[in-house]
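**Student:** sequence and predicted structure are below.
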Amino acid sequence: MEKLLLVEDDSALVRRLTEYLSTEGFRCLSAGGQAQAAALIDAEKPDLALVDIALAEGNGFAVCAYARGKGVPVIFLTASGDELSTVTGLDMGADDYIAKPFRPKELVSRIRSVLRRTSGNHGEIVLGELRVDSGKGLVFRADRQIFLSALEYRLFMFFLNHRGQVLTREQLLDEIWDSAGEYVSDNTLTVYIKRLREKLEEDPQDPRLILTVRGIGYRLKE
């Protein structure tokens, strides 16, 4: 049974979510603030954390950073229309977000999608001078860590999982849609590819890793 941590200070919402998620086969723990959440992450090692950005004690961004440091994926619960907090959370490393009010079935779908992406993928991947610790979501060149945002990391992992294959722009947009939704446009994808190259390529102006396939998309060199 997969274990979820609800980091939310609305006790009525916690009670409703716990009841519903239990019927869907999840075991639920809950924390009302940042300190309690960190303690439960250490003690219980949840499979995923659902984190409200606005907490009475501490804040969701700090909880996300702590959870990611422990290898726990995070879905943010955000106020409807709070675009700035959503984008900030994704750039900090959250795996997905869902705006309140949300439908319980949609939340369960998001939870299972993130768990599928993150479970069973805790090994080390080596690509030339690059090394990826997929359990912790970290990328290194030699012993130096390369800091990627959540979307940059997801794009890179998608490339790694399809090494040598030509990926269309539509495929790449579909892959990151669940995490960023309307905030990822075709132009934004171009920006993220450029950022990845700047961080991963020895010479971003002459990429040898993430190759452009004109008129189609991109390919990660094997």
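**Tutor:** Perfect, thanks for sending it.
**Student:** got the domain ranges for this structure?
**Tutor:** Taking automatic domain parsing as the reference, the chain has its domains at 3-118, 124-220.
**Student:** start and end of the shortest one, how far apart?
**Tutor:** Using CA to CA, to the nearest Å, the end-to-end distance of domain 124-220 comes out at 18 Å.
**Student:** cool, and the longest one?
**Tutor:** Distance between the two ends of domain 3-118: 14 Å, counting by CA to CA.
**Student:** wait, what's in contact with V166?
**Tutor:** V213, I216, G217, Y218, R219 (CB atoms under 8 Å, 6 or more residues apart in numbering). All C-beta spots, glycine's among them, are computed from the backbone N, C-alpha and C.
**Student:** partner residues bridging it?
**Tutor:** Legend: beta-bridge partners of V166 under DSSP bridges are R219.
**Student:** quick one: mean pLDDT over the helix or strand where E19 lies.
**Tutor:** Assigned by DSSP states H and E, E19 belongs to helix 11-23. Across helix 11-23, pLDDT averages out at 94.
**Student:** and stretch 156-166, which residues are buried?
**Tutor:** F156, M157, F158, F159 (16 or more other CB atoms under 10 Å).
**Student:** on that earlier part again, now the element after the helix holding E19, going C-ward?
**Tutor:** strand 27-31.
**Student:** circling back: of the buried residues of stretch 156-166, closest to G71?
**Tutor:** M157 (14.3 Å; CB to CB).
**Student:** thought the closest one was touching D133?
**Tutor:** No: the pair M157 / D133 is not scored as a contact, 11.6 Å apart, by CB atoms under 8 Å.
**Student:** common neighbours of these two, please.
**Tutor:** Residues touching both M157 and D133 (CB under 8 Å, 6+ apart): there are none.
**Student:** which ones among the buried residues of stretch 156-166 map onto helices?
**Tutor:** Among these, the members found in helices (DSSP state H) are F156, M157, F158, F159.
**Student:** find the nearest non-adjacent residue to the third one, please.
**Tutor:** Think F158. Distance criterion CB to CB, 6 or more residues apart in numbering; nearest residue to F158, sequence neighbours excluded, is E175 at 4.8 Å.
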